[in-house]
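S.K.: let's see this in three dimensions:
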Amino acid sequence: MKEYKYLVLALFMFGAVSCGDNFGDINVDPNNPSVVPAEYLLTSAQNAMADDVWDEWMNGRFGLLVSQYWSQNNYTDESRYTFRQGVINSYWGYYYDRSLRDLEEVKNLVKAGDDYALGLASAYNKVAVAEILECWMYQFMTDIWGPLPYSEALKGSEIRTPKYDSQQEIYLSLVSRLEKAKADIDESAGGFGDADVIYGGDMGLWKKFASSLLLRVGMRMSDVDAATAKAVVEGSYADAFTSNGDNAVFTYLSEQPSNNPLNQDRIERGNADFCLSNILVDKALGTRNDPRVEAFADPAVNSGNYVGRPYGQSSAAAAGEAPEDYSQPSGAMAVQGAASFGPYDVLAAEAPVTLMNYAEVCFILAEAKERGWNVSGSAAEWYDAGITASMNEWGITDAGAISDYLAQANVDYSSAPGDWKQKIGVQKWIALFMQGVQGWSEWRRLDFDLLEAPVDGATGDIGSKSAPVRLTYPTNEQTQNAANYGDAVDNLLGGPDKLSTRLWWDVQ
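M.R.: This is a model prediction of the structure:
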């Protein structure tokens with residue numbers, strides 16, 4: 001299914017590039033082109049990235065479970081932290097062989113073209129777009145596994161067993177690459193146009209995305225390299241997102257095969273694998289009278305109320321309770337034909353994949369103020385702005401309702417329980433709903449009190465934590481890249497290849 005997403009758009013662009021009045025060399029087979037247009041590969045890379053980070057497996061059965069937004073209704077191994085080795089092997093390969101490889105080839109094709117040789121701004125813009133997306137993907141991966149094949153990755157037959165780079169080295173490289181990509185963007189020149197599904201070729205928005213991603217990268221290493229983090233955040237925040245209109249999202253189409261992968265999974269499987277967790281629905285939203293629950297979840301079929309399923313039940317316990325007793329992800333009933341889709345349903349065909357949103361920028365700046373860094377505003381102002389941006393993003397625009405929410409004692413910045421990491425962390429986690437790996441990363445970094453150990457106990461080795469702090473490496477790496485795998489575990493990771501071994505930026 002993944003290979004056919006946006007096929008019509010990609011083929012149209014390929015035809016537009018390859019056809020014309022000049023039929024070219026009659027010895028060239030037009031049905032088997034030797035060079036694929038960069039526009040086609042950019043669309044393909046964006047689609048592969050969206051599919052592979054958002055689908056049933058690495059979002060539904062990993063990211064949304066380790067972050068405890070969702071609970072499993074049956075076959076609950078992953079919510080108790082036993083992950084399928086075949087899936088880990090597959091997605092490690094997908095990330096390198098689909099989106100990253102396509103993005104690398106996009107850069108190669110553009111740099112080999114006449115426009116780049118002539119120094120045209122549009123060509124440099126195209127390279128910058130591919131660079132920004134590569135940086136997003138590499139940060140996503142290193143925040144799951146830690147050290148990665150990076151500097152020697154994507155070399156093909158030139159380097160078949162690439163060395164691993166430490167997470168620190170990767171992070172510092174990402175900062176340099178993003179800063180260069182941002183500097184290379186000329187907002188007055190073109191980009192990929194309609195081939196760019198995320199921003200439609202708007203280079204001003206790509207510059208904002210690069211700046212916002214620099215904020216994420218910088219803040220995530222704030223506890224281990226405060227000086228660099230401070231410089232990155234202070235140097236980037238003024239150019240970052242300023243509204244939800246800037247959000248980096250990949251939007252799907254309404255019809256198969258170009259629909260959202262979670263929508264397609266629900267259609268194909270025809271059953272309810274997931275409900276929302278009691279951690280999200282009852283502990284985070286319910287105790288705060290949070291109106292976002294109506295956008296996040298369907299009411300439980302059997303009661304009409306919003307009820308979260310206990311997180312981490314055994315398969316036997318889960319099988320004894322009907323999914324209809326709990327709130328399923330929004331749009332579940334619509335997929336079954338029992339309701340109409342709402343505009344914010346996460347299981348809708350056109351539901352977007354969010355790579356980064358304005359709410360996250362606001363919470364980063366709230367934290368920057370608490371750390372004493374030189375950014376505008378106050379921590380409370382940015383905290384309120386982050387909550388408001390999240391409310392608006394999920395369709396809640398009533399200013400009175402938002403004001404009432406912010407005034408609650410357990411929400412108001414001056415009275416919400418805990419220190420600033422607790423206050424900001426919980427609200428940032430809520431605002432990152434559906435971005436499973438990002439919500440999990442913020443819990444690991446800020447250590448706020450919210451997640452709980454699986455109710456029926458963990459089956460994976462998570463040590464004293466209530467959730468894993470990384471994912472183990474693919475077994476394929478242990479056999480096909482054994483020497484470099486061993487070096488990464490022994491010398492770069494800082495501990496054994498276990499779920500309980502902390503990453504470089506995770507200090508406690």
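
S.K.: where's residue 153, which helix or strand?
M.R.: Here residue 153, judged by DSSP states H and E, is contained in no helix and no strand.

S.K.: contacting residues for the closest residue to it other than its chain neighbours?
M.R.: Leaving aside its sequence neighbours, residue 153 sits nearest to residue 162 (CB to CB, 6 or more residues apart in numbering; 5.1 Å). No exception for glycine: its C-beta is placed from N, CA and C like everyone else's. Counting by CB atoms under 8 Å, 6 or more residues apart in numbering, residue 162 touches 149, 150, 151, 152, 153, 155, 481, 484.

S.K.: now residue 162: which helix or strand?
M.R.: Residue-wise, residue 162 maps onto no helix or strand under DSSP H and E.

S.K.: got TSV for the contacts of residue 162, with neighbour count too?
M.R.: Formatted as TSV, the contacts of residue 162 follow (neighbours: other CB atoms under 10 Å):
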residue	neighbour count
149	22
150	20
151	15
152	15
153	17
155	12
481	20
484	18
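
S.K.: can you tell me which of those residues is nearest residue 233?
M.R.: residue 150 (23.1 Å; CB to CB).

S.K.: my guess is that closest one contacts residue 172, does it?
M.R.: No: using CB atoms under 8 Å, residue 150 is not in contact with residue 172; the gap is 11.2 Å.

S.K.: if we can go back for a sec, so among the contacts of residue 162, where is pLDDT lowest?
M.R.: Within the contacts of residue 162, the minimum per-residue pLDDT falls on residue 155 (93).

S.K.: tell me the phi and psi of it?
M.R.: Per-residue torsions, residue 155: phi -100, psi 0 (degrees, to the nearest 10).

S.K.: count the residues that sit near residue 186.
M.R.: Residues lying near residue 186 (other CB atoms under 10 Å) number 15.

S.K.: nearest residue to it other than its sequence neighbours?
M.R.: Closest residue to residue 186 apart from its sequence neighbours, by CB to CB, 6+ apart: residue 121 at 3.7 Å.

S.K.: ranges for the helices of the stretch 151-300 of the chain?
M.R.: 167-184, 203-220, 226-236, 261-269, 278, 293-296 (DSSP state H, counting those that start in this stretch).

S.K.: confidence-wise, which of these is weakest overall?
M.R.: Lowest mean pLDDT within these: helix 261-269, a mean of 95.

S.K.: my read: residue 93 touches residue 476, true?
M.R.: Yes: with contact defined as CB under 8 Å, residue 93 counts as touching residue 476 (7.5 Å).

S.K.: which of those two has more residues huddled nearby?
M.R.: Using other CB under 10 Å as the criterion, residue 93 and residue 476 rank with residue 476 on top: 16 against 12.

S.K.: ok, that one to residue 482 distance?
M.R.: Distance from residue 476 to residue 482, counting by CB to CB, to the nearest Å: 10 Å.

S.K.: sorry, back to before: just send the helices of the stretch 151-300 of the chain back as a markdown table, with mean neighbour count and distance to residue 324 too.
M.R.: Converted to a markdown table, the helices of the stretch 151-300 of the chain look like this (neighbours: other CB atoms under 10 Å; distance: least, CB to CB, whole Å):
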| stretch | mean neighbour count | distance to residue 324 |
| --- | --- | --- |
| helix 167-184 | 19 | 43 |
| helix 203-220 | 24 | 38 |
| helix 226-236 | 18 | 46 |
| helix 261-269 | 19 | 15 |
| helix 278 | 21 | 16 |
| helix 293-296 | 20 | 17 |
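
S.K.: what is the burial count for the residue lying closest to residue 503 once chain neighbours are set aside?
M.R.: Nearest non-adjacent residue to residue 503, counting by CB to CB, 6+ apart: residue 146, 5.0 Å away. By other CB under 10 Å, the residues close to residue 146 number 28.

S.K.: residue 373 versus residue 229, what's the distance?
M.R.: Counting by CB to CB - residue 229 and residue 373 are separated by 8 Å.

S.K.: which stretches of this structure aren't confidently modelled?
M.R.: For the chain, residues meeting the criterion pLDDT under 70 lie at 1-35.

S.K.: picking that back up, out of the helices of the stretch 151-300 of the chain, nearest to residue 103?
M.R.: Ranking the helices of the stretch 151-300 of the chain by proximity to residue 103 (CB to CB) places helix 167-184 first, at 11.9 Å.

S.K.: list the contacts for residue 302?
M.R.: By CB under 8 Å, 6+ apart, residue 302 lies in contact with 322, 324, 325.

S.K.: including secondary structure and distance to residue 223, could those go into JSON lines?
M.R.: As requested, the contacts of residue 302 are exported to JSON lines (DSSP: H, G, I helix; E, B strand; the rest coil; distance: CB to CB, whole Å):
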{"residue": "322", "secondary structure": "coil", "distance to residue 223": "43"}
{"residue": "324", "secondary structure": "helix", "distance to residue 223": "43"}
{"residue": "325", "secondary structure": "helix", "distance to residue 223": "41"}
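
S.K.: same for the helix or strand hosting residue 91, what does it pack against?
M.R.: Assigned by DSSP H and E, residue 91 falls within helix 85-94. Applying 3 or more CB pairs under 8 Å, 6 or more residues apart in numbering; DSSP states H and E, we find helix 85-94 packed against helix 38-54, helix 475-480.

S.K.: CA atoms only for that helix - export them in CSV, please.
M.R.: Extracted C-alpha coordinates of helix 85-94, given in CSV (Å, rounded to 0.1, in the frame of the first residue of the first chain):
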residue,chain,number,x,y,z
GLN,A,85,11.8,-7.9,16.2
GLY,A,86,10.6,-8.2,12.6
VAL,A,87,9.0,-4.8,12.8
ILE,A,88,12.1,-3.2,14.3
ASN,A,89,14.2,-4.7,11.5
SER,A,90,11.7,-3.6,8.8
TYR,A,91,11.3,0.0,9.9
TRP,A,92,15.0,0.6,10.5
GLY,A,93,15.4,-0.4,6.8
TYR,A,94,12.4,1.7,5.7
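
S.K.: now the element after that helix, going C-ward?
M.R.: Next in sequence after helix 85-94, counting helices and strands by DSSP H and E, comes helix 101-111.

S.K.: which parts of that following helix are buried?
M.R.: By neighbour count on 16 or more other CB atoms under 10 Å, the buried set for helix 101-111 is 101, 102, 103, 104, 105, 106, 107, 109, 110.

S.K.: what do you get for stretch 182-200?
M.R.: Across stretch 182-200, burial judged by 16+ other CB under 10 Å covers 182, 185, 191, 192, 195, 196, 197, 198, 199.

S.K.: okay if I get those residues as a markdown table plus distance to residue 140?
M.R.: Listed next are those as a markdown table, based on distance: CB to CB, whole Å:
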| residue | distance to residue 140 |
| --- | --- |
| 182 | 19 |
| 185 | 22 |
| 191 | 22 |
| 192 | 21 |
| 195 | 22 |
| 196 | 19 |
| 197 | 18 |
| 198 | 15 |
| 199 | 19 |
